[in-house]
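Novice: A structural model of the following input is requested.
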Amino acid sequence: MNRPTRFDVALRVALLLIFVLAVEWPGEPLVTLGSPQTVVTNNPKAGVHTRLTDEGATWKIQRNLQLVREMGAPWIVEFFPWAYIESNKNSFDWWHTDQVIDHAHAQGLKVVARLGLVPAWARPDPLDKETTFNYIDPDHYADFGDFVYAFVDRYKDRVDHIIIWNEPNLSFEWGLRPVDAQAYVDLLKVAYRRAKEANPNVVVLAGALAPTMEPIGSPAGLNDLIYLQQMYEAGAKDYFDALSAHAYGLLAPMTEPPDPSRVNFRRIELLRDIMLRNGDGGKDVYITEAGWNDSPRWNQAVKPQQRIEYTLQALDWIKDKDWIKMLALWAFSYPQATRTFSDNWTFVTDDFRPKPIYDEVKKQLAINNDQ
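Specialist: This is a model prediction of the structure:
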């Protein structure tokens, strides 16, 4: 009988190790939705923008949303990429989206779903380096409309709000090409009609405008005030139910008044003025991204105590603004630490340790602190 070679022995050992690991390696913990929860808060407008898009573990999705509820924020904004869900035309993978929405619903959270990101099959030339995942041309507006219909129809009992695209007034978010309010409004019209076909009661948010001072002709984007006016001139008024906008404070305190020449938190009031001038004052504004960064490595960041102070002031300020429906602070947590200044936007670390700002917001939103 032939004696086993070293290769045979190594192969057997490797197969044995694979077997042992397959049997003994701990899998993902069993996760159930549990009993329905309710958010206890003294501020029904408080929210956060979660970042669960690339979080694959169900238990981590659940833990994020539990911490949001425990902080006292009834709203979340979350991104649901078209490219992830319909990577092949008419073939939908809803598994991850179901996890996020079902667990948010179980925690008593209201979901604002941001829709965008173009699959390769819906781009004119996915091999062209200038054709990014944010690039959509008119030939594929109907395809995006079909996706919006499918999303709204599937979740019409759990999701009442959707955002059409993100920051279309920035070149990066418009496919690395000149921004075009008319083209965005044309896309918005298609998405709005299809969303209402799926659920007449869904609230369609438009804009998700980035605060920026870029002038007309800039390759980077366009001033959000100019862009919003251009949206109205392009006929947007009848094709959205509320405005989505972003309100970053940068170095400015929350109390700094709005100024067309400044990017600050209260710039949102200038967008409201444009709505009023266009006879659209009956619509709400949803602040779907906002906040301050407290990184010591970024020149647009404030000190940690200032971040806490300004954030608490912002949450208090919106309470008596009847035109502001919700304020979602960016960003609750990331699936993994970036090891950059971006980590200083978050409220919870990637291993679920609450930061001081989380604790202070939780104290302010606690029901027994209501005055």
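Novice: which residues are in contact with stretch 100-110?
Specialist: For stretch 100-110, contacts defined as C-beta atoms under 8 Å, 6 or more residues apart in numbering pick out 33-34, 36-39, 47, 52, 58, 61-62, 65-66, 68-69, 73-76, 78, 80, 111, 113, 155, 158-161. For the C-beta atoms, the positions are set from N, CA and C on the backbone; glycine is no exception.
Novice: Among those, which are located in helices?
Specialist: Residues of the contacts of stretch 100-110 located in helices (DSSP state H): 58, 61-62, 65-66, 68-69.
Novice: and those residues as a markdown table, adding neighbour count and distance to Phe341?
Specialist: Output for those, formatted as a markdown table (neighbours: other C-beta atoms under 10 Å; distance: C-beta to C-beta, whole Å):
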| residue | neighbour count | distance to Phe341 |
| --- | --- | --- |
| Thr58 | 19 | 30 |
| Ile61 | 21 | 25 |
| Gln62 | 22 | 28 |
| Leu65 | 26 | 26 |
| Gln66 | 17 | 27 |
| Val68 | 27 | 23 |
| Arg69 | 21 | 28 |
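Novice: and which of these is nearest Pro124?
Specialist: Taking C-beta to C-beta as the measure, Ile61 is the one of the ones in helices among the contacts of stretch 100-110 closest to Pro124, at 34.2 Å.
Novice: residues touching the closest one, list them.
Specialist: 52, 55, 99-100, 103.
Novice: repeat for Lys283
Specialist: Neighbouring residues of Lys283 by C-beta under 8 Å, 6+ apart: 240-243, 275.
Novice: Would you list the phi and psi of it?
Specialist: Dihedral pair for Lys283: phi -100, psi 150, per degrees, to the nearest 10.
Novice: Please report how far it lies from Gly207.
Specialist: Noted for Lys283: a distance of 11 Å to Gly207, by C-beta to C-beta, to the nearest Å.
Novice: ok, which pair from the contacts of Ile61 is furthest apart?
Specialist: The largest separation in the contacts of Ile61, counting by C-beta to C-beta, is between Glu55 and His103 at 10.9 Å.
Novice: Model confidence score at Gly255, please.
Specialist: For the record, residue 255 is Thr, not Gly. We have a pLDDT of 97 for Thr255.
Novice: That one belongs to a helix, doesn't it?
Specialist: No - read with DSSP: H, G, I helix; E, B strand; the rest coil, Thr255 is coil and lies in no helix.
Novice: related to what we said a few turns ago, just the buried subset of the contacts of stretch 100-110, please.
Specialist: 37, 39, 47, 52, 58, 61-62, 65-66, 68-69, 73-76, 78, 80, 111, 113, 155, 159-161 (16 or more other C-beta atoms under 10 Å).
Novice: So which elements touch the strand or helix carrying Arg307?
Specialist: Assigned by DSSP states H and E, Arg307 belongs to helix 304-317. Helix 304-317 makes packing contacts with strand 284-291, strand 324-330, helix 356-365 when contacts are defined by 3 or more C-beta pairs under 8 Å, 6 or more residues apart in numbering; DSSP states H and E.
Novice: ok, now with 6 Å
Specialist: helix 356-365 (3 or more C-beta pairs under 6 Å, 6 or more residues apart in numbering; DSSP states H and E).
Novice: Quick check: bridge partners of the residue most central in space within the chain?
Specialist: Ranked by distance to the mean C-alpha position of the chain (C-alpha atoms, centre = their mean), the top residue is Glu78 at 4.0 Å. Note on Glu78: beta-bridge partners by DSSP bridges are Ala113.
Novice: Leaving out the residues flanking it, which one is nearest to Trp317?
Specialist: Met254 (6.8 Å; C-beta to C-beta, 6 or more residues apart in numbering).
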